[in-house]
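> A predicted structure for the sequence below; I have some questions about it.
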Amino acid sequence: MTNSYSNSSVPFKCDSPALNATKKGILRCLSKKNNPRYEGVFYLLIQANLTTLPKGRWESISEELSQDASNLPFQEVHIIGNAEELPSGFRIK
C-alpha cells in the first residue's frame, strides 16, 4: 500500500479535534505494539476512520506517526480505512 495522501499540495496544521483524537488513538496503538514478541511479524495494520477528514489532512500527522513507528519491530506499518468503504490508507513505515 502506498501513501495515497502524499500528493496533496495543500498544507494543513494538526489543529482539528478529530485529527488530534485520531492521532492520539493511532499513537496509543503503536505504543501497545512496541514489544519484542512481535519480532518477525511483517505487517502491522491499524484501522482508523479515514473518512472523517479530507485526505490531505492526514498528511499533517503522517511524519509524526512515521517517527513513532520507526522503532517498532514490524517491517511495515499501515493505517487503513474502514473495510466497508473504498480501500484507503497510508504507510507510515
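Looks like it arrived, so ask away. Residues are numbered from 1 along each chain as shown.
> Give me the outermost residue of the protein relative to its centroid.
Arg37 (21.5 Å; CA atoms, centre = their mean).
> now that residue: how far from Gly89?
Using CB to CB, to the nearest Å, Arg37 is found at 25 Å from Gly89. Heads up, the C-betas are built off the backbone N, CA and C, glycines and all.
> Secondary structure of Thr51: a strand, I assume?
No. Read with DSSP: H, G, I helix; E, B strand; the rest coil, Thr51 is coil and lies in no strand.
> got the residue ranges for the helices in the chain?
For the chain, applying DSSP state H gives helices covering 17-32, 55-69.
> Would you pull up how far the longest one lies from the middle of the chain?
Which is helix 17-32. Offset of helix 17-32 from its chain centre (CA atoms, centre = their mean, to the nearest Å): 9 Å.
> mean confidence for it?
Averaging pLDDT along helix 17-32 gives 92.
> other SSEs contacting it?
If you count contacts as 3 or more CB pairs under 8 Å, 6 or more residues apart in numbering; DSSP states H and E, helix 17-32 packs onto strand 43-47, helix 55-69.
> Ok, the shortest one next?
Of the remaining helices and strands, those touching helix 55-69 by 3+ CB pairs under 8 Å, 6+ apart are helix 17-32, strand 76-80.
> in it, what's buried?
Within helix 55-69, the residues that count as buried by 16 or more other CB atoms under 10 Å are 57-62, 65, 68-69.
> what does stretch 48-55 give?
48, 50.
> can you redo the buried residues of helix 55-69 as TSV with distance to Ala18?
Formatted as TSV, those follow (distance: CB to CB, whole Å):
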residue	distance to Ala18
Arg57	9
Trp58	11
Glu59	15
Ser60	12
Ile61	11
Ser62	16
Leu65	15
Asp68	19
Ala69	21
